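>>> next comes the sequence, and after it the predicted model I'd like to discuss.
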Amino acid sequence: MRTGAMGRRLAGALFLLLGTTGLAGASPWGEVGDNPLRGDIEMLAAAGLIDGVTTQWPLPWTAIVPALKAADLDAQPDAVQAAALRVLGRATRENRPGFSTSASLDLTNAPALVHGFDSLGRGEGQTQVALSYSSNTVAARLAVGSYTQDFKNGATKLALDDSYLAVKAGDALVYGGWLTHWWGPGWISALTLSNNARPMPQVGIQRLDTSPSTWPVLEWLGPWQAEFFLGLLDGPRLQKNTVFDALRVTVNPAPGLEIGLARTGEICGQGHPCDPAEYFQLNNSPTDVNRTNDEGVVDIKYSHDLWGVPVQAYMQLMNEDSSPITHSGTSHLFGATAFIPLAGRPLRLTAEYADSISTTDIFSFASRIYGFSYTNGGYPDGMRYRGRTIGFSLDDDSRLLSLQGSWTDADGWTYEMTLHHAVIGTAQSAGANIVSPAPVKVNILEGRLSLPFRHFTLDLRGSVQDDQARPDHGVLPAVEAALRIAL
């Protein structure tokens, strides 16, 4: 049978199944943490089958599935057809109406120092049992688990991570719970909001789909997504009751071009007025000091087909101060990704560099401000939650160069290799970095293997690093196993 005909029949079967599940109304998300899924979505966007709004995770399935249902898959290369069928199949499974249950267990002798988009546990051990529900208007999950940072010295804590209730309200999705976000084009790092820290309790709203605006002028922006949420930074903190606010708008004004604008901040908390008007006080100068802690972000990703290979170049800039160009306190992330055909499947190759030593002006790399990116005089806890940075996993004044290759075979096994060169902290800001109290350089070689079976998935990680975050020293080998079971 021709591949195109097979693809057409499989697609038709999937479309029929999708049409009977009420998917268009259920609207849960493609969640943070799955590199193969993200790679498939990027491939589909590069092929023009879906729009290019792909850097604001989690992604509502309703922003992806309708376009794929309407696409002519037979006109696409085999690799793109296969990616479309995998994404449609995933959306179908995650949106079947009714209840489902799952369980997970993660164990390691040493958590990964660098926490990327698909990283596993944040501590030495965690376990979770989850009950999920989906209908035409409501999606919900109750996930109850335990978490320990260190089996020898750390206490085990109750965790409700990734629990949520999401309700369709017109063209919007209103949600509450402990939802993990990843904002930005990076695969290894996101400067302002990532999965490095545990998710905080939050309430938010986002668009159900990414269709272009019908308003004059705004329609020129093309497909777009907007999201706003408020979170409570609970747990051990110097300033209790601090509120975290986050707003992001992402647009796709031209084929292959995606632009994201975001603002995150801290407001309220002990010693600070809890006045909503403070949110709109954007000035921050010696003569007009604001009483919030804000970060502004712009990221740009451009995708293009180069000699039959989808390639991407991207950049993310995070300003700690209010001026976008001068005295901006800017952190930087640059990267490039290519999806190279290998045995009929895309091999993703990514090179990425992140630098959280703030520059005085937007690109003044010869003029720096130390201890500035995630630290704030008015909020001494900084942009951190439960001992981890909300954005870049190496915290203040650090640099990370990463090379990563990832490939998934025909059986769904995913193989991934990553090389990191990390420079954590600087002599100018000793003690400001929460990862390592003293500066250190660390080289890390990490291998990952993901093995999906019918009712469970086993993820394995092995790594070796030539030094450690202080006060520890020396070579550190690590192994990690994570088991996820559909009950």
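Perfect, I can see it now.
>>> contacts only, for the spatially most central residue of the chain.
By Cα atoms, centre = their mean, the chain has its centre lying nearest to W182, at 2.3 Å. Counting by Cβ atoms under 8 Å, 6 or more residues apart in numbering, W182 touches V32, W57, F117, A190, L193, S194, N195. The C-beta positions use only the backbone N, C-alpha and C, and glycine is treated the same way.
>>> give me the nearest residue to it, chain neighbours excluded.
Distance criterion Cβ to Cβ, 6 or more residues apart in numbering; nearest residue to W182, sequence neighbours excluded, is W57 at 4.2 Å.
>>> swap in G256?
Nearest residue to G256 in three dimensions, chain neighbours excluded: S303, at 4.3 Å (Cβ to Cβ, 6+ apart).
>>> can you list the buried residues in stretch 350-365?
T350, E352, Y353, A354, D355, S356, I357, S358, T359, T360, I362 (16 or more other Cβ atoms under 10 Å).
>>> please identify the helix or strand for the first one.
Spelled out, it's T350. Using DSSP states H and E, T350 maps to strand 345-359.
>>> now L85. Its backbone dihedrals?
phi -70, psi -40 (degrees, to the nearest 10).
>>> from G33, how far out is it?
From L85 across to G33, the span is 21 Å (Cβ to Cβ, to the nearest Å).
>>> can you check L165 too?
Going from L165 to G33 by Cβ to Cβ gives 20 Å.
>>> more neighbours, these two?
Ranked by neighbour count (other Cβ atoms under 10 Å), L165 and G33 place G33 first, with 19 against 15.
>>> apart from its neighbours in sequence, what residue is nearest the more buried one?
Of all residues not flanking G33 in the chain, D118 sits nearest, at 5.6 Å (Cβ to Cβ, 6+ apart).
>>> would you map the helices across this structure?
Taking DSSP state H as the test, the helices found in the chain are 3-19, 23-26, 35-46, 65-70, 78-94.
>>> least reliable of those helices going by mean pLDDT?
Lowest mean pLDDT within the helices of the chain: helix 23-26, a mean of 32.
>>> shouldn't R263 be in contact with V297?
Yes. Applying Cβ atoms under 8 Å, one finds R263 in contact with V297, separated by 7.3 Å.
>>> can you list the low-confidence ranges for this structure?
Residues of the chain that meet the criterion pLDDT under 70 lie in 1-27, 283-289, 322.
>>> pull the contacting residues for the residue nearest to W182.
W57 touches W29, G30, E31, V32, R38, H181, W182, W183, counting by Cβ under 8 Å, 6+ apart.
>>> same check, this time on Y379
Y379 touches Q239, T242, E266, G269, H272, N293, counting by Cβ under 8 Å, 6+ apart.
>>> report the contact partners of the last one.
Each residue near N293 by Cβ under 8 Å, 6+ apart is listed here: G265, E266, N376, G378, Y379, G382, M383.
>>> do you know how far the first one is from G256?
Shown here: G265 relative to G256, a distance of 31 Å by Cβ to Cβ.
>>> the third one now?
As judged by Cβ to Cβ, N376 and G256 stand 37 Å apart.
>>> can you check the fourth one too?
Taking Cβ to Cβ as the measure, G378 falls 41 Å from G256.
>>> do the same with the second one
For E266, the distance to G256 equals 35 Å [Cβ to Cβ].
>>> higher neighbour count, those two?
E266 (24 against 17).
>>> scan the contacts of N293 and report the most crowded one.
Within the contacts of N293, M383 tops the neighbour count with 28 neighbours, counted by other Cβ under 10 Å.
>>> that one reaches G265, doesn't it?
No. Between M383 and G265 there is no contact under Cβ under 8 Å: 9.0 Å.
>>> okay, and the common contacts of the two?
In contact with both M383 and G265: N293, E295, using Cβ under 8 Å, 6+ apart.
>>> okay, L49 and N252: tell me how far apart.
In this structure, L49 and N252 are 13 Å apart, going by Cβ to Cβ.
>>> kindly apply the preceding question to S303 instead.
10 Å.
>>> shared neighbours, the two?
Joint contacts of S303 and N252 (Cβ under 8 Å, 6+ apart) are G52, E258.
>>> and the residue nearest to P185 when sequence neighbours are not counted, how close does it get to L487?
Counting by Cβ to Cβ, 6+ apart, Y314 is the residue found nearest to P185 once chain neighbours are left out, at 3.7 Å. As judged by Cβ to Cβ, Y314 and L487 stand 38 Å apart.
>>> one more: Q206?
29 Å.
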